[in-house]
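S.K.: need a structure here:
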Amino acid sequence: MRVRLVGAVTGAVALLAGGYLWADAADLVPGWLTLAPVEEPQPPFITAAPVTVASSSPLPVTALDPDAPRPSAAVVQALAQAVRDDARTGDSTNVAVVDYLDGTVYADLSAADPQVPASTTKLLTVVAAVSALGDEATLTTRVLWDAGAATLTLVAGGDEMLAAGYGHGGAEVEAGTDPANGWAGIADLADQVAAALDDAGVTGDVAVAVDDSAFEGPAWPEEWPDYARNRGYAAAVTGLAVDIARIRTEDNADAEYTARYDDPSVNAGEVLAAALADRGVAVADEVTRAAAGSGAVEVATVESAPLSEIARHLLAVSDNTVAESLARVLAIETGLPGDPEGAATATRRALKAIGVDITGIELHDGAGFSEHNQISPATLASSLLAARDVPALDDLMSWLPLSGLEGTVETRYVDTPVAGYFRAKTGSLTGVTTIAGVIVTAEGRPLAVAILADGMPYGQTRPKAAFDEFLTALAECGCEG
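M.R.: Residues are numbered from 1 along each chain as shown. Just a heads-up that it's a prediction; the model follows:
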């Protein structure tokens, strides 16, 4: 029996039989899911779209049958060759299709050749960070008090999604709201700080500083294009930001892409200073950037969402800022510099530690903006298989967006056999189209698939259509030789 790819992996692969889920999303039965398109323009070259993520993790799961019929390698290889030969792609189209349960290779079209991966890089960032740090790990934002200097220092811990007010802490959030964003809040810090200063009898003026020195920079990666900054596709990465440094107005209250503060850390410090003033604390002068003195003591802390929610967020909406920040957190937590080089080294080490084939990999950022990144389809497929055996990554299949329902593939596969049967991360840059994930065939066999094409003309419509015809053939495939 064919099952829809919704659940987690624990030992044997766990997946969901989701007929009702699909019917609900198609508005055929009562429910809160929908396939109605989001009325937001797709930014050029970026795969992320501001969409609601319909989490399916609470739903019951059923294990895939390891004896489900296998496709014919000859047939799948021929399908892969056809997508390369298609006039809409080109000779640079490389493909890996392997059995998700046991690694049997069904198609290898220059699968070991590294090429520009675009945002499929984020899949490796997540697999590396969560495998090394754990799915329940959180990011700590602290405030230190130096009585001698009468200075409060807000210390970056990697949380780019602080709320300006109170964090929700994982409580039920408003429909359509991303739970990872705003888990912890500046107001929570301000309450703790005000109480600590009151207990200490502090009545005079205090200064506010920020310390993001652990995130060595450059805050704006040298590999990132200017258009990403100009169009609000990413923020400077400082390890400390409110709402990923978005500049909010009445006109863009819910926008995914909007202008960002030039200095996210200082902006966060200014939000803290204003919150303290609201609580009767006398705050003097402007917020500065400086490390706390040696005698400073901790007076407030908040914890981010767990990495499981952060991973779900960045994979669903392809969040460039959060992905790069997470890669740098991995570097810092494993004793490396919090810069792009340290992040790349930490990512490679973490992937290798769990058995991912990293042959030929080159990383210059954790988000996939760099046109100098090099990742092969084989490495992407290998990361999916390696993740099966890492307990912290048991829920990876529910973090990846579900075709026809969630994230960057929410509307891409509506009314096709792929809808509901493919968990995937997409990627696109100028002349680059990629996708990697796990698809279930008509006969119930899960396949790890990675398709990368670069060196193509401007535009995503034609190569995506060719990719999707290939994926549709796989989804429908009995594929008997």
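
S.K.: is it true that residue 381 lies in a helix?
M.R.: Yes. Under DSSP: H, G, I helix; E, B strand; the rest coil, residue 381 falls within a helix.

S.K.: Hmm, residue 452 and it touching each other?
M.R.: No. Checked against C-beta atoms under 8 Å, the pair residue 381 and residue 452 is beyond contact range at 10.9 Å. For glycine as for every other residue, the C-beta is placed from the backbone atoms N, C-alpha and C.

S.K.: what residues are up against residue 437?
M.R.: Listed by C-beta atoms under 8 Å, 6 or more residues apart in numbering, the contact partners of residue 437 are 384, 400, 422, 423, 424, 425, 448, 449.

S.K.: which residue sits closest to it, ignoring its sequence neighbours?
M.R.: residue 424 (3.0 Å; C-beta to C-beta, 6 or more residues apart in numbering).

S.K.: so what's that neighbour up against?
M.R.: Contacts for residue 424 (C-beta under 8 Å, 6+ apart) come out as 400, 401, 403, 409, 435, 436, 437, 438, 439, 449.

S.K.: of those, buried ones?
M.R.: Those of the contacts of residue 424 that meet the buried threshold are 400, 401, 403, 409, 435, 436, 437, 438, 439, 449, by 16 or more other C-beta atoms under 10 Å.

S.K.: where does the closest residue to residue 315 other than its chain neighbours land on pLDDT?
M.R.: Counting by C-beta to C-beta, 6+ apart, residue 399 is the residue found nearest to residue 315 once chain neighbours are left out, at 5.2 Å. If you check residue 399, the pLDDT there is 95.

S.K.: looking at it, residue 399 is touching residue 317, isn't it?
M.R.: No. Shown here, residue 399 and residue 317 do not form a contact pair, counting by C-beta under 8 Å, at 11.7 Å.

S.K.: out of these two, which sits in the busier spot?
M.R.: Neighbours were counted for residue 399 and for residue 317 using other C-beta atoms under 10 Å; residue 399 has more, 28 against 24.

S.K.: Against residue 294, how distant is the more buried one?
M.R.: Remark: distance between residue 399 and residue 294 (C-beta to C-beta, to the nearest Å) = 41 Å.

S.K.: and if you look at residue 67?
M.R.: Residue 67 is 64 Å from residue 294, by C-beta to C-beta.

S.K.: For the residue positioned nearest the centre of the chain, give me its contacts.
M.R.: Centroid-nearest residue in the chain: residue 314, 2.1 Å away (criterion: C-alpha atoms, centre = their mean). Neighbouring residues of residue 314 by C-beta under 8 Å, 6+ apart: 122, 125, 126, 322, 323, 326.

S.K.: In a markdown table: the residues you listed, plus neighbour count.
M.R.: Listed next are the contacts of residue 314 as a markdown table, based on neighbours: other C-beta atoms under 10 Å:
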| residue | neighbour count |
| --- | --- |
| 122 | 29 |
| 125 | 29 |
| 126 | 28 |
| 322 | 30 |
| 323 | 30 |
| 326 | 30 |
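
S.K.: Listing request: residues of the stretch 51-200 of the chain with sub-threshold pLDDT.
M.R.: Applying pLDDT under 70 to the stretch 51-200 of the chain flags residues 51-63, 175-176.

S.K.: all strands of it, in order?
M.R.: 62-63, 94-99, 105-109, 140-146, 151-155, 159-162 (DSSP state E, counting those that start in this stretch).

S.K.: Could you do the stretch 351-481 of the chain as well?
M.R.: 422-429, 432-440, 446-453.

S.K.: Those: which one's closest to residue 170?
M.R.: Closest to residue 170 of those, according to C-beta to C-beta: strand 422-429, at 23.6 Å.

S.K.: relative to strand 432-440, how tilted is that closest one?
M.R.: 180 degrees (axes from the mean of the first three to the mean of the last three C-alpha atoms, to 10 degrees).

S.K.: circling back: where's the residue nearest to the centre of the chain, which helix or strand?
M.R.: Residue 314 belongs to helix 307-317 when assigned by DSSP states H and E.

S.K.: before we move on, back to that, any idea which of the buried ones among the contacts of residue 424 is closest to residue 163?
M.R.: Using C-beta to C-beta, the buried ones among the contacts of residue 424 come closest to residue 163 at residue 401, 24.3 Å.

S.K.: which one is that closest one nearest to, not counting chain neighbours?
M.R.: Using C-beta to C-beta, 6+ apart, the nearest residue to residue 401 is residue 407, at 3.0 Å.

S.K.: What of residue 305?
M.R.: Closest to residue 305 by C-beta to C-beta, 6+ apart is residue 183, at 3.8 Å.

S.K.: Residue 90 now?
M.R.: Using C-beta to C-beta, 6+ apart, the nearest residue to residue 90 is residue 456, at 5.6 Å.

S.K.: Nice, that's everything, thank you.
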